[in-house]
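need a structure here:
(2 chains)
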Amino acid sequence: MPNKYSLMGTVAGLALLSGLTSAQAEEITIATVNNGDMIIMQELSPIWEKETGNTINWVVLEENVLRQRVTTDIATGGGQYDVMTIGSYEAPIWGRQDWLTPLNDLPGFDYDDLIPTVAANLSADDTLYAVPFYAESSFTLYRKDLFEKAGLTMPDQPTWEQIREFAAKLTDKPNEVYGLCLRGKPGWGENLFVFGTMVNTFGGRWFDEDWNATIDTPEWKAALDYYLDVMTKYGPPGATSNGFNENQTLFQTGKCAMWIDATSAAGRVFDPTQSDVADKVAFTASPVATVPKGNSAFWAWALAVPASSQKQDVAKEFISWATSADYVALVGKEKGWVAVPPGTRLSTYKNPDYIAAAPFAATTLDAIQSADPNDATAQPVPYAGIQYVSIPEFQGIGTTVGQNISAALSGSMTAEQALQSSQRSAEREIRRAGYGN
Amino acid sequence: MARAVTPQRKALNTAIAAIVGALIFFPIFWTVLTSFKTEAQAIADPPVWFAFDWTLENYTAVNQRSDYLLHFWNSVVISVGSTLLGLVIAVPAAWAMAFVPGRRTKDILMWMLSTKMLPSVGVLVPIYLLFRQLGLLDTRTGLVIVLTLINLPIIIWMLYTYFREIPGEILEAARMDGANLREEVVHVLLPMAVPGMASTVLLNIILAWNEAFWTLNLTAAKAAPLTAFIASYSSPEGLFYAKLSAASTMAIAPILIMGWFSQKQLVRGLTFGAVK
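Sure thing, here's the model as predicted:
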């Protein structure tokens, strides 16, 4: 084992040296998730390394592992990472805790080109804490061939009631075609991703202005009754184990007539090497019920610099590069325009190459631009967020509520029991955390 | 007296054993098979068995994206290192407990085992802070220490059980012949405990190789073993099963091969003292 003090001495010496020669090449560590867009970033990063002389250590982890890993590090000031890939849920919360370095002042960075709702979702108190790498919303994917065959027309802005009627007509269980696929797997990032938007558009909210939980209300009941009804009658069997991937598989193999989920699915279901239905897919906005807002979910993966990083300047330099319009163009050139990271820059959606390659571009942009975390509910709320509530306690509350919704879908709880149990759990958590006092 | 084993009964037992064996082995078999499929074939419904275009593309992709040898070497250092360090502490401890037990020996043994009952995540933050202070985060040294501590109760328990089977009179005889304590342990006790030692070593290497909580949470880029290598190929978005299977196959292959070669030792050691 190396002598700790001599090691520290060496490190201190090196730090002093690097301070004297500011152009010294640095080694930074970047933690990221194993999603397609990030893998491309990793593949293209040698270009940045060559330009700057710096080197990157990549730590790629599955989303849940990454979340646990970087949360431990940032909460204890571990300083293991110089750049972290975090979500729009974490960015404002961690920013307020002073765990992240503000990123309002990246030199030469075109902030005006960022889609305003995306930047808003990653900011706290007007300070941007993470720069969006890609963003997604939710929309309705459907099979135009099945609609034509049944003589149906999908409106530009469907209602959930219309979706129910379509699903009833399109379900063909003997041939394993299900009218509607929605996530059923429990979790705040799983079934609540879509169910959370349903609550908004059915008129519900998580908390009133005094932080009283409002889950046992008629609006939540209406949303849940609807969800249970369509999923039981027109959904695929075993839906409680279906998350994004499972539904994508069902849709791509022709087993779903409609699928309401993340816009990032578009690139894959339109890819003929992955999808049996690539030439039969169409898309439209996410459905609404009684309230015409909060119906599109929002999620962004963004790059942030932890306050504990010792190499913040190099980290910021990397983030500027990886989130720039030039990077988008680089991906377009190297990997094809359909593969560029979506949902972050207005310039991407003005680019004729991208519009030609991605027929879903306009729908995605509309959905993302309408995803305002500060105006997603009919009644006033004390929190920001669309399908989640932007407070640290929501991970626990959302997990429990997701489990209850899933239990109602599997039939082990009634809708009333699921909502009452969720209400009690939310009340308890929020009281314990001291909100509204 | 044991019941007479009829041929029918023997055939039935063999059949049940074969079925159980096949059930246990099936996930590994399926992982290996999936690693040779394309991503689309990997999720095909109904599943494809053998009639697909066998491809090595997943292995190529995994090797391009990750440094397998680095992770492999980290796994070897961590699992072997923690086992050896564990033995250095456990042999004297087990010797003392087996041959010179005190009034509280049983209690100490139980107390050691009770540390295994605490959920690891409960001590993650304190250990993380300690590691940060000591500069042990993302180092192999740190992981060797943590895995040693985690597996130490098992090593001591196993060695204690094996040592207890060895008659104390033999050690006494060695002492009568003038052997000092070190000679007694090294030349008399350990040679007699070889089957037990071997299975302890093997079991601990396997446990350390598969340990996926601490090895993921205390490492970043430099000391990350094969568990982190696998974790980098799972994803909640997109198709990844074939590549994940390829990564898993590469991660479990070394330990699987080691297990095959040493299964005789392993079984003998684990059933040592079972028939009495």
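
Now the terminal residues of stretch B:111-123, how far apart.
Terminal residues of stretch B:111-123 are spaced 17 Å apart (C-alpha to C-alpha, to the nearest Å).

Just the buried positions in that stretch, please.
For stretch B:111-123, burial by neighbour count (16 or more other C-beta atoms under 10 Å in any protein chain shown) applies to B:Met112. Heads up, the C-betas are built off the backbone N, CA and C, glycines and all.

who's in contact with that stretch?
Outside stretch B:111-123, the residues that touch it by C-beta atoms under 8 Å, 6 or more residues apart in numbering or on different chains are B:150, B:152-154, B:156-157, B:213-214.

give me the subset of those residues touching chain A.
Contacts with chain A within the contacts of stretch B:111-123, as defined by C-beta under 8 Å from any C-beta of the partner chain: none are present.

Derive a PyMOL selection command for the buried subset of the residues you listed.
Buried residues among those (16+ other C-beta under 10 Å), as a PyMOL selection:
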select buried, chain B and resi 150+152+153+154+156+157+214
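
Quick one: end-to-end distance for stretch B:221-234.
Length of stretch B:221-234, first residue to last, C-alpha to C-alpha: 17 Å.

Could you report the neighbour count for B:Thr139?
18 (other C-beta atoms under 10 Å in any protein chain shown).

er, A:Pro380 I mean
9.

Could you find the closest non-adjacent residue to it?
A:Glu209 (5.5 Å; C-beta to C-beta, 6 or more residues apart in numbering or on different chains).

Distance of that neighbour relative to B:Ile24?
From A:Glu209 across to B:Ile24, the span is 57 Å (C-beta to C-beta, to the nearest Å).

Tell me the helix or strand right after the least confident helix or strand in chain A by mean pLDDT.
None of the helices or strands of chain A scores lower by mean pLDDT, DSSP states H and E than helix A:4-20, at a mean of 46. Moving toward the C-terminus from helix A:4-20, the next helix or strand (DSSP states H and E) is strand A:27-33.

Any part of that next one near chain B?
Yes - Strand A:27-33 is in contact with chain B by C-beta under 8 Å from any C-beta, via A:29, A:31, A:33.

and the top strand by length along chain A with strand A:27-33, angle?
For chain A, the strand with the greatest residue count under DSSP state E is strand A:131-143. With axes from the mean of the first three to the mean of the last three C-alpha atoms, to 10 degrees applied, the angle from strand A:131-143 to strand A:27-33 works out at 20 degrees.

Strand A:131-143 near chain B at all?
No - judged by C-beta under 8 Å from any C-beta, strand A:131-143 stays clear of chain B, getting no closer than 9.1 Å.

Distance from the helix or strand encompassing B:Phe29 to the middle of the chain?
Taking DSSP H and E as the definition, one finds B:Phe29 inside helix B:7-34. Averaging C-alpha positions (C-alpha atoms, centre = their mean, to the nearest Å) puts helix B:7-34 22 Å from its chain's average.

buried stuff in it?
Residues B:31-34 are the ones in helix B:7-34 that count as buried (16+ other C-beta under 10 Å).

May I see those arranged in JSON lines, with distance to chain A and pLDDT as well?
Converted to JSON lines, the buried residues of helix B:7-34 look like this (distance: C-beta to the nearest C-beta, whole Å; pLDDT from 0 to 100):
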{"residue": "B:Thr31", "distance to chain A": "16", "pLDDT": "94"}
{"residue": "B:Val32", "distance to chain A": "21", "pLDDT": "94"}
{"residue": "B:Leu33", "distance to chain A": "18", "pLDDT": "94"}
{"residue": "B:Thr34", "distance to chain A": "14", "pLDDT": "93"}
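
now the residues you listed in TSV, with distance to A:Asn200?
Below are the buried residues of helix B:7-34 laid out as TSV (distance: C-beta to C-beta, whole Å):
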residue	distance to A:Asn200
B:Thr31	41
B:Val32	46
B:Leu33	44
B:Thr34	40
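
just curious, which of those residues is nearest to B:Thr219?
B:Thr31 (23.5 Å; C-beta to C-beta).

Return the residues in contact with that closest one.
B:Thr31 makes contacts with B:245, B:248-249, B:252, as judged by C-beta under 8 Å, 6+ apart.

which SSE is B:Leu124 in?
helix B:124-134.

Need the CA coordinates for that helix. CSV is fine.
Extracted as CSV, the C-alpha positions of helix B:124-134 are listed here (Å, rounded to 0.1, in the frame of the first residue of the first chain):
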residue,chain,number,x,y,z
LEU,B,124,-22.5,2.9,2.7
VAL,B,125,-22.2,6.6,3.7
PRO,B,126,-19.9,6.1,6.7
ILE,B,127,-17.6,3.8,4.7
TYR,B,128,-17.7,6.2,1.7
LEU,B,129,-16.7,9.1,4.0
LEU,B,130,-13.9,7.1,5.6
PHE,B,131,-12.6,6.1,2.1
ARG,B,132,-12.7,9.6,1.0
GLN,B,133,-10.6,10.7,4.0
LEU,B,134,-8.1,7.9,3.5
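
buried sites along it?
So helix B:124-134, judged by 16+ other C-beta under 10 Å, has buried residues B:124, B:127-128, B:131-132.

mind checking how far stretch A:143-150 is from the chain centre?
Its chain's C-alpha centre and that of stretch A:143-150 lie 30 Å apart, by C-alpha atoms, centre = their mean.

Surely A:Ala415 is in contact with A:Ala408?
Yes - assessed by C-beta atoms under 8 Å, A:Ala415 is found in contact with A:Ala408 at 5.3 Å.

Which one's more surrounded, those two?
More neighbours surround A:Ala408 than the other of A:Ala415 and A:Ala408, with 24 against 19 (other C-beta under 10 Å).

Show me what the helix or strand hosting the more buried one packs onto, helices and strands only.
According to DSSP H and E, A:Ala408 maps onto helix A:394-410. Judged by 3 or more C-beta pairs under 8 Å, 6 or more residues apart in numbering or on different chains; DSSP states H and E, helix A:394-410 is in contact with helix A:191-201, helix A:218-234, helix A:415-433.

In JSON lines, list these along with distance to chain B and mean pLDDT.
Below are those laid out as JSON lines (distance: least, C-beta to the nearest C-beta, whole Å; pLDDT from 0 to 100):
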{"stretch": "helix A:191-201", "distance to chain B": "10", "mean pLDDT": "95"}
{"stretch": "helix A:218-234", "distance to chain B": "19", "mean pLDDT": "96"}
{"stretch": "helix A:415-433", "distance to chain B": "19", "mean pLDDT": "94"}
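
Is A:Lys185 in contact with A:Asn242, as I believe?
Yes - in this structure A:Lys185 lies within contact range of A:Asn242 using C-beta under 8 Å: 5.9 Å.

picking that back up, what's the next secondary structure element after the helix holding B:Leu124?
Helix B:124-134 is succeeded, C-terminally, by helix B:140-164 (DSSP H and E).

what's the angle from the helix holding B:Leu124 to helix B:140-164?
Orientation note: helix B:124-134 sits at an angle of 120 degrees relative to helix B:140-164 (the same axes, to 10 degrees).

and helix B:124-134, what does it pack onto?
Helices and strands touching helix B:124-134, as assessed by 3+ C-beta pairs under 8 Å, 6+ apart, comprise helix A:63-75, helix B:140-164.

Comparing these, which comes out most buried?
Mean neighbour count (mean count of other C-beta atoms under 10 Å in any protein chain shown) peaks for helix B:140-164 among the helices and strands packed on helix B:124-134, with a mean of 21.

which strands and helices sit next to that one?
Looks like helix B:140-164 contacts helix B:68-99, helix B:105-114, helix B:124-134, helix B:194-210, helix B:214-217 (3+ C-beta pairs under 8 Å, 6+ apart).

Same list (those helices) but as JSON lines, adding mean pLDDT.
Formatted as JSON lines, the helices and strands packed on helix B:140-164 follow (pLDDT from 0 to 100):
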{"stretch": "helix B:68-99", "mean pLDDT": "94"}
{"stretch": "helix B:105-114", "mean pLDDT": "89"}
{"stretch": "helix B:124-134", "mean pLDDT": "93"}
{"stretch": "helix B:194-210", "mean pLDDT": "89"}
{"stretch": "helix B:214-217", "mean pLDDT": "92"}
